[in-house]
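K.L.:
next one to model:
(one chain, ligands or ions: 1)
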Amino acid sequence: MVWMAILKIARMGHPVLVQRAQPVEDPSAEEVRRLVADMAETMIDAEGIGLAAPQVHRSLRLILFLDAEDRAEMQGRRPLALINPEIEPFDDTLESGWEGCLSIPGLRGVVPRYARIGYRGLTLDGGTIEREAQGLHARVVQHEVDHLDGILYPMRMPDLRELTFETELKYFMTQSDEEEPHEPADQP
Ligand code: NI
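P.N.:
Presented below is the predicted three-dimensional model:
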């Protein structure tokens, strides 16, 4: 029987979240496989859409995320693990959107991200993944890779007036949002 564990999530203020994480030396190591399984359990339990190893107090370049362009497509998916990931933006086009973070519970903020990116990294069996992403998919990957460089989403915000408690998000909603409400529950 394989026992999986729900890990404790580091919160903003813990030094591990502002360090630069180290590359994973052997992606196929049993220890890495176990960490990925535990991180997947932790992310699902916390209802997150992404999780980076530093968030569970492991300063390694390893991320998990749901690889879909919108929340509806994310339903029921298993997280994808990416080791030593790298990102390249397609062009300079930025998109602003609400983000949350499991390490900053209860808050949301508006963050500009590259609209379209290419990313690559290694899989648990030593293979290489190379993909293109846009929408929420691109946003989540950029958010998670930032964690590996010690960057939390408020550090990317041009306007801190748009940093808010979830419970106060209603004050940011415009008329059109009320017709088609945000789904501001993303917590990478
Ligand atoms: Ni986060």
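
K.L.:
flag every buried residue along the one helix or strand Ile129 maps to.
P.N.:
Here Ile129, judged by DSSP states H and E, is contained in strand 128-134. Neighbour-count burial for strand 128-134, counted by 16 or more other Cβ atoms under 10 Å, picks out Ala133. No exception for glycine: its C-beta is placed from N, CA and C like everyone else's.

K.L.:
go ahead and name everything in contact with it.
P.N.:
Applying Cβ atoms under 8 Å, 6 or more residues apart in numbering, the external contacts of strand 128-134 come out as 67, 69, 80, 82, 90, 115-123, 141.

K.L.:
can you rerun that using 6 Å?
P.N.:
For strand 128-134, the surrounding residues in contact (Cβ atoms under 6 Å, 6 or more residues apart in numbering) are Arg116, Ile117, Gly118, Arg120, Gly121, Thr123, Val141.

K.L.:
check stretch 85-96 too.
P.N.:
Contacts of stretch 85-96 (Cβ under 6 Å, 6+ apart): Ile63, Val110, Pro112, Tyr114, Ala115, Arg116, Ile117, Gly118, Tyr119, Arg120, Gly121, Val145.

K.L.:
what of stretch 160-167?
P.N.:
Residues contacting stretch 160-167 (Cβ under 6 Å, 6+ apart): Gly106, Arg108, Gly109, Val110, Pro154.

K.L.:
try 10 Å
P.N.:
Defining contact as Cβ atoms under 10 Å, 6 or more residues apart in numbering, one finds that stretch 160-167 is touched by 96, 98, 100, 104-111, 153-154, 157, 170-172, 184-185, 187.

K.L.:
put the buried members of those residues into a PyMOL selection.
P.N.:
Restricted to buried positions by 16+ other Cβ under 10 Å, the PyMOL selection for the contacts of stretch 160-167 reads:
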select buried, resi 98+100+104+107+108+109+110+111+153+154+157+184+187
